[in-house]
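1. With the sequence up front, the predicted model follows.
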Amino acid sequence: MSLFKKIFSSKKKETLDKGLEKSKTTFFSKLGKAVAGKSKVDDDVLDNLEEILVSSDVGVDTTLKIIDRIEARVSKDKYLGTEELNVILREEIAGLLSETHTGEETEYSIPKDKKPYVIMVVGVNGAGKTTTIGKLANQFKKQGLKVVLGAADTFRAAAIDQLQVWADRVDVPIIKQDMGSDPASVAFDTLSSAVTQDADVVIIDTAGRLHNKVNLMNELTKVKRVMQKVVEDTPHEVLLVLDGSTGQNAFEQAKQFTKATEVTALAITKLDGTAKGGVVIGISDQLKIPVKYIGVGEGIDDLQVFNKYEFVDSFFKS
């Protein structure tokens with residue numbers, strides 16, 4: 001079966017198509033100008049393509065990798081036509097994503113052998129961290145799972161209040177303390193409560209401060225250590241939330257957070273309001289950390305499980 005001959009769930013795919021519309025339109029507008037009047041892929045076309053990929057927030061290193069792969073194909077077929085460039089790009093980007101994303105995930109799922117399954121969420125303030133937590137809680141609850149939220153971002157009263165709003169909206173319990181409380185203490189109480197309630201999923205919000213990486217690293221390490229007093233191998237997942245609309249700034253944030261703590265998965269939000277969808281490709285390739293979720297709309301169901309086939313199909317859909 002061809003990589004792209006897949007049957008996608010219609011409603012989810014329509015939302016994804018719509019969410020990536022700005023990125024796709026901008027990209028293909030630039031690509032059309034790059035190949036105008038050209039019948040075959042030559043050095044000029046490749047130079048223009050390199051500029052387009054970089055300006056689409058794919059990132060310099062990943063762009064060079066894509067260009068190298070296309071050059072290798074051009075050298076094999078001296079008469080490669082520009083009309084084939086779309087297909088080649090699609091295949092090479094899917095190939096890059098395949099190096100980090102081995103599965104074809106389409107549904108929200110957690111391992112059956114981890115109970116409670118503990119997700120620690122990190123990311124700077126404003127990236128969509130709290131909203132992502134709320135939307136995740138909603139998805140897990142819709143599956144019949146018992147979810148508990150922990151408000152361990154105790155440095156901002158607004159963070160605790162925002163998480164409370166989501167807890168009320170989704171109708172799941174939240175463990176919180178006063179602003180300024182010890183985040184590790186909140187995490188400890190959250191896990192203790194989750195174990196008592198026989199919860200399936202625990203989602204812990206943490207402070208989104210990057211101005212002092214040493215303090216952040218110490219804080220997150222302490223939160224992990226204290227949680228492990230309740231459940232030994234926690235957290236099972238460290239999810240970094242990035243604002244996709246910030247393009248290369250998101251990539252810089254990702255690099256900073258991966259220095260501060262071990263990140264196992266990424267959620268890239270706000271892709272619907274921007275032409276910077278290429279950042280998903282660059283961040284995934286450079287960090288070698290799987291993108292697990294993408295935000296393609298403001299609705300409660302518009303946080304999607306990332307599927308590389310669906311993403312590439314939507315990005316290159318004519």
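-> Ah, there it is. Numbers count the residues shown, from 1 in each chain.

2. isn't residue 186 right up against residue 175?
-> Yes. At 6.5 Å, residue 186 counts as touching residue 175 under the criterion of CB atoms under 8 Å. In this view, the C-beta of every residue, glycine as well, is placed from N, C-alpha and C.

3. Common neighbours of these two, please.
-> Shared contacts of residue 186 and residue 175 (CB atoms under 8 Å, 6 or more residues apart in numbering): 150, 151.

4. what about the two, which has more around it?
-> residue 186 (25 against 21; other CB atoms under 10 Å).

5. That one looks like it's in a helix, true?
-> Yes. The assignment for residue 186 (DSSP: H, G, I helix; E, B strand; the rest coil) places it in a helix.

6. From residue 266, how far off is it?
-> As for residue 186, its distance to residue 266 is 24 Å (criterion: CB to CB, to the nearest Å).

7. Show me where the protein has its strands.
-> For the chain, applying DSSP state E gives strands covering 117-122, 147-151, 174-175, 201-205, 237-243, 265-269, 291-295, 303-305.

8. now these in CSV, with mean pLDDT and distance to residue 91?
-> Supplementary listing: those in CSV, determined by pLDDT from 0 to 100; distance: least, CB to CB, whole Å:
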stretch, mean pLDDT, distance to residue 91
strand 117-122, 97, 33
strand 147-151, 98, 39
strand 174-175, 98, 45
strand 201-205, 97, 36
strand 237-243, 95, 26
strand 265-269, 95, 22
strand 291-295, 93, 19
strand 303-305, 92, 23
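
9. Mind putting those strands into JSON lines with distance to residue 63?
-> What follows is the strands of the chain, written out as JSON lines (distance: least, CB to CB, whole Å):
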{"stretch": "strand 117-122", "distance to residue 63": "27"}
{"stretch": "strand 147-151", "distance to residue 63": "39"}
{"stretch": "strand 174-175", "distance to residue 63": "43"}
{"stretch": "strand 201-205", "distance to residue 63": "34"}
{"stretch": "strand 237-243", "distance to residue 63": "19"}
{"stretch": "strand 265-269", "distance to residue 63": "18"}
{"stretch": "strand 291-295", "distance to residue 63": "18"}
{"stretch": "strand 303-305", "distance to residue 63": "25"}
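
10. so where is the protein shaky, pLDDT-wise?
-> Residues of the chain that meet the criterion pLDDT under 70 lie in 1-9, 78-79, 102-106, 210-212, 318.

11. for it, which residue is closest to the average position?
-> Taking CA atoms, centre = their mean, the centroid of the chain lies closest to residue 267, which sits 2.5 Å from it.

12. from memory residue 64 sits against residue 53, does it?
-> No. The pair residue 64 / residue 53 is not scored as a contact, 9.0 Å apart, by CB under 8 Å.

13. which of those two has more neighbours?
-> Between residue 64 and residue 53, counted using other CB under 10 Å, the more crowded position is residue 53 (26 against 14).

14. which ones are touching the nearest residue to the more buried one once chain neighbours are set aside?
-> Of all residues not flanking residue 53 in the chain, residue 63 sits nearest, at 4.1 Å (CB to CB, 6 or more residues apart in numbering). Applying CB under 8 Å, 6+ apart, we find residue 63 in contact with 50, 53, 54, 282.

15. Name the member of the residues you listed with the most neighbours.
-> Going by other CB under 10 Å, residue 282 tops the contacts of residue 63 with 28 neighbours.

16. what's near enough to touch it?
-> 57, 58, 59, 61, 62, 63, 251.

17. Top of the residues you listed by number of neighbours, please.
-> residue 58 leads these on contacts (other CB under 10 Å) with 30 neighbours.

18. okay, now the closest residue to residue 205 other than its chain neighbours: neighbour count?
-> Residue nearest to residue 205 in three dimensions, not counting chain neighbours: residue 153, with 4.8 Å by CB to CB, 6+ apart. Residues contacting residue 153 under the criterion other CB under 10 Å number 27.

19. Surely residue 153 and residue 209 touch.
-> No. Contact criterion CB under 8 Å: residue 153 and residue 209 do not qualify, at 9.2 Å.

20. Identify all residues paired with residue 119 through a beta bridge.
-> Counting by DSSP bridges, residue 119 forms beta bridges with residue 203, residue 237.

21. ok, which pair from the contacts of residue 63 is furthest apart?
-> By the measure CB to CB, 50 and 282 form the most distant pair in the contacts of residue 63, at 13.4 Å.

22. Please report how far residue 112 lies from residue 132.
-> With CB to CB as the criterion, residue 112 and residue 132 are 23 Å apart.

23. Between those two, which is the more surrounded one?
-> residue 132 (23 against 8).

24. and the more buried one, what is it in contact with?
-> 121, 239, 241, 267, 269, 293, 295, 303.

25. What's the separation between the second one and residue 253?
-> Spelled out, that is residue 239. From residue 239 to residue 253 the distance is 14 Å (CB to CB).
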